[in-house]
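In: Sequence and predicted structure are below.
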Amino acid sequence: MNMNFELAFDRLGVNKENRQTYFRYDDTNPEAESNEYIQSLREDVDWLGWKPFAVTFTSDYFDILYEYAVELIKRGKAYICHQSKADIEASREIARAIISDPNHGGNPCSPWRDRPIEESLKEFEDMRKGKYSASEATLRMKMDMYSPNPNMWDQVAYRVKYVPHPHAGDKWCIYPTYDYTHCIIDSLEHIDYSICTLEFETRRESYYWVLEALDLYRPKVYEMSRLNITYTLLSKRKLLKLVNNGFMRGWDDPRMPTIKGLKRRGYTPEIINAFCNEIGVTRNYNVVQYDRLANAARNNLHENAPRVMAVLNPIKVILTNYPIESIPPLVVNDFPFDANKGTHTVTIEKEIYIDSNDFRDVDSEDYFGLAPGKLVNLKYAFRIRCDEVIAENGKQVLLCSILPNDPNGEKPKGTIHWVPSTNAVVAEVRLYNYLFLVEEPTDDDWEKQLNPDSEIVITNALIDPSFNSYYLPTNQTHYQFERIGFFVIDRESDLPNNKFIFNLTVSLKDSKPVSSTGTEVNKGANKSRKEEQAKQLAEKLARKQISPNDLFRSQTDLYSLFDEDGVPTHDQLGEKLSKTTIKKLRKEWEKQKL
């Protein structure tokens, strides 16, 4: 969307006042569309801040599309075909074979390809009147069955579907295909540039064939590489499986690579658009590091998220020499770098809580937190020393003493945050890590590569009460939990009853998400993850040295037959691979060519 509303115009040097983007729903398949889906897309565009010049639906053009289909028949450019799906695929197999061997026998054309024009016109009218079942007849465009481009093999323009359309109603029982409609409506709307991803590049020939056949205006077409981000995937089928099996909370789960998922996690339109502008677009296959998206969030939220102290895994501290008279509230800047952006107060009491990650029973030289006999600074307050560790209801309690300010005294190495015990707000905190354990999940093992710690829920976190008193929180309000990361209030929070849920948007650069027990997530697995990444990098570098034609030929344990480019066509048992599998292997082959 960023490309269509901003980047493309920037590249073309178009003034902002002259920029016009059509937002069109390509709703050609009534079985795949729903009002919920339509509304969701519009909400995403509005939320990102884009204002379309016009919002249109392919279904708005169904009448004129039908007329153009009739015109194609009259010009001898389309015909009614009664081949079954299996018959069409068999014809395509012949066409593929002829590409490999021009002397290969067989006729790839439909037996109805040269039927009389008047006959096709009558049959098309019968299709419209509902005289055929869903698989009995299609309207196909008479393109070129001998073309090396499969997208020119007499594409289907209309098919029969007895399904009411969510936008057009039940007027039609025949529906046009995307390949037929997309170019025509681009022309009717006088689109200057039609932008799509690279997998549509092979459709450019058929796109212009339709327009030439109807003598219509020809927009320019630009294909760009799809945006891929490490440690995630964009397959709707796979994401749907994660939703249906309960791994995800829904399509707006904060781990979801969807607009609504990013929104719920705390990414703002400004963050997303800044990220898109930074990475730009390319025609080369590319995978963008997830950290670049995280850095865009950090840069934005650093300036906009007020600071507050919170402890995720509390451990009680009793200040044994706390003065009889209470210590006055401490005034703290909302933003440490700018006192003019507001202040709040924090109250230190005899009993406070620190995070369990900031205490160890046994000290070490490289550890700057609290330990028996050791000094630390309490942020915004004073120095304390841990004098004794006792047990209270089966939990550790630290008995500490306040040390007077002494310029010549021992200077602690570390500073830790804290919250008061009296009014600290109990909250649920959801921490998020990479969705996958590997940068680029594979098609075969993607479920095994899911990160079991991609979401960690902490139910007893404590937040300094100042966040509730001074910032008037609402859903989507951001905070920086000091020394931890940037968080946003989740929509499931019950704000009137002070039941808060916080989602981690992004951690600070030097902090790592922790588990519900207070330990670093995957602490023991970090090394293995790095080893796996190093292994993948080595394999990727070695793979680059392989010729595309030899990429799969050595994998005889998986494949037995290959086409002329070396793309597998049959598995190790000689069974023919599915079209989907071959398509994916072909994509890998194309990547290897780059």
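Out: Perfect, I can see it now.

In: Leaving out sequence neighbours, find the closest residue to I456.
Out: Nearest non-adjacent residue to I456, counting by Cβ to Cβ, 6 or more residues apart in numbering: L431, 4.5 Å away. Yep, even glycine has a C-beta here, placed from its N, CA and C like the rest.

In: Can you classify that neighbour by secondary structure?
Out: strand (DSSP: H, G, I helix; E, B strand; the rest coil).

In: Distance check, it against R265.
Out: 11 Å (Cβ to Cβ, to the nearest Å).

In: Among those two, which residue is more densely surrounded?
Out: L431 (25 against 22; other Cβ atoms under 10 Å).

In: Is that one in contact with E455, as I believe?
Out: Yes: the criterion here is Cβ atoms under 8 Å, and L431 meets it with E455 at 7.3 Å.

In: in stretch 447-458, what's buried?
Out: Residues Q449, L450, N451, D453, S454, E455, I456, I458 are the ones in stretch 447-458 that count as buried (16 or more other Cβ atoms under 10 Å).

In: so who does the second one touch?
Out: L450 is in contact with L242, F247, L435, F436, L437, counting by Cβ atoms under 8 Å, 6 or more residues apart in numbering.

In: for the last one, same thing?
Out: Under the criterion of Cβ under 8 Å, 6+ apart, the neighbours of I458 are L312, N313, E428, V429, R430, L431, S516.

In: Give me the neighbour count for R249.
Out: There are 16 residues near R249, going by other Cβ under 10 Å.

In: And the buried ones among the contacts of I458, selectable in PyMOL?
Out: Buried residues within the contacts of I458, by 16+ other Cβ under 10 Å, are selected in PyMOL with:
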select buried, resi 312+313+428+429+430+431
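
In: In TSV, list the contacts of I458 along with pLDDT and distance to I174.
Out: Output for the contacts of I458, formatted as TSV (pLDDT from 0 to 100; distance: Cβ to Cβ, whole Å):
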residue	pLDDT	distance to I174
L312	95	59
N313	94	62
E428	96	52
V429	96	54
R430	96	48
L431	96	51
S516	51	56
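
In: List just the nearest of the contacts of I458 to P496.
Out: Comparing the contacts of I458 against P496 with Cβ to Cβ places E428 closest, at 16.4 Å.

In: which stretch of helix or strand covers the closest one?
Out: strand 425-432 (DSSP states H and E).

In: before we move on, what about E205?
Out: Using DSSP H and E, E205 falls in helix 204-213.

In: any idea which helix or strand comes after that helix?
Out: strand 220-224.

In: Just list what that following strand packs against, helices and strands only.
Out: When contacts are defined as 3 or more Cβ pairs under 8 Å, 6 or more residues apart in numbering; DSSP states H and E, strand 220-224 packs onto strand 193-197, helix 204-213.

In: ok, now with 10 Å
Out: helix 8-12, helix 178-188, strand 193-197, helix 204-213 (3 or more Cβ pairs under 10 Å, 6 or more residues apart in numbering; DSSP states H and E).

In: Put together CSV for these, with mean neighbour count and distance to P52 on each row.
Out: Putting these into CSV (neighbours: other Cβ atoms under 10 Å; distance: least, Cβ to Cβ, whole Å) gives the following:
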stretch, mean neighbour count, distance to P52
helix 8-12, 15, 13
helix 178-188, 21, 15
strand 193-197, 17, 14
helix 204-213, 18, 22
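
In: Output stretch 489-496 in CSV with nothing but the alpha carbons.
Out: Only the C-alpha atoms of stretch 489-496 are listed here, as CSV (Å, rounded to 0.1, in the frame of the first residue of the first chain):
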residue,chain,number,x,y,z
ILE,A,489,-2.2,-1.4,26.2
ASP,A,490,-4.0,-4.3,24.6
ARG,A,491,-7.7,-4.1,23.4
GLU,A,492,-8.7,-6.9,25.8
SER,A,493,-7.9,-4.7,28.8
ASP,A,494,-10.8,-3.7,31.1
LEU,A,495,-9.8,-0.1,31.7
PRO,A,496,-12.7,1.0,33.9
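
In: shift numbering so it begins at 34
Out: Yes, from this point I'll number from 34; that puts the last item at stretch 522-529.

In: neighbouring strands for the strand holding E461, and are they parallel or not?
Out: The pairing partners recorded for strand 458-465 under DSSP bridges are strand 488-496 (antiparallel), strand 533-540 (parallel).

In: Name the stretch among those that sits most buried.
Out: Most buried of those, by mean neighbour count (mean count of other Cβ atoms under 10 Å): strand 533-540, with a mean of 23.

In: shaky segments in the stretch 134-283 of the chain?
Out: Counting by pLDDT under 70, not a single residue of the stretch 134-283 of the chain qualifies.

In: can you give me the strands for it?
Out: With DSSP state E, counting those that start in this stretch, the ranges of strands along the stretch 134-283 of the chain come out as 171-174, 189-193, 207-209, 226-230, 253-257, 261-262.

In: Of those strands, flag the one that's most buried.
Out: Among the strands of the stretch 134-283 of the chain, highest average neighbours (mean count of other Cβ under 10 Å) belong to strand 171-174, with a mean of 26.

In: quick one: strands adjacent to it?
Out: Under the criterion DSSP bridges, strand 171-174 sits next to strand 111-114 (antiparallel), strand 189-193 (antiparallel) in its sheet.

In: Using TSV, lay out the ones you listed together with distance to I292.
Out: Rendered in TSV, the data for the strands paired with strand 171-174 read as follows (distance: least, Cβ to Cβ, whole Å):
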stretch	distance to I292
strand 111-114	38
strand 189-193	31
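
In: which stretch among those comes nearest V521?
Out: Ranking those by proximity to V521 (Cβ to Cβ) places strand 189-193 first, at 45.1 Å.

In: Now find how far off-centre the closest one is within its chain.
Out: 32 Å (Cα atoms, centre = their mean, to the nearest Å).

In: Which secondary structure element is home to E421?
Out: Assigned by DSSP H and E, E421 falls in strand 416-425.

In: Now do that strand: distance to the chain's middle.
Out: Using Cα atoms, centre = their mean, the offset of strand 416-425 from its chain centre is 46 Å.

In: now do stretch 375-388
Out: Stretch 375-388 has its C-alpha centroid displaced from the chain centroid by 38 Å (Cα atoms, centre = their mean).

In: Against Y240, how distant is M176?
Out: M176 is 12 Å from Y240, where distance means Cβ to Cβ.

In: what does Y355 give?
Out: Distance, Y355 to Y240, using Cβ to Cβ: 76 Å.

In: Of all the strands paired with strand 458-465, which one comes closest to C216?
Out: C216 lies closest, by Cβ to Cβ, to one member of the strands paired with strand 458-465: strand 533-540, at 40.9 Å.

In: taking the mean pLDDT, what do you get for the closest one?
Out: For strand 533-540, mean pLDDT is 95.

In: Any regions of the chain where pLDDT drops low?
Out: Checking the chain against pLDDT under 70 turns up 34-38, 40, 502-506, 543-577, 590, 605-606, 627.

In: For the stretch 84-233 of the chain, which segments count as helices?
Out: Using DSSP state H, counting those that start in this stretch, the helices of the stretch 84-233 of the chain run over 95-107, 118-133, 150-161, 211-221.
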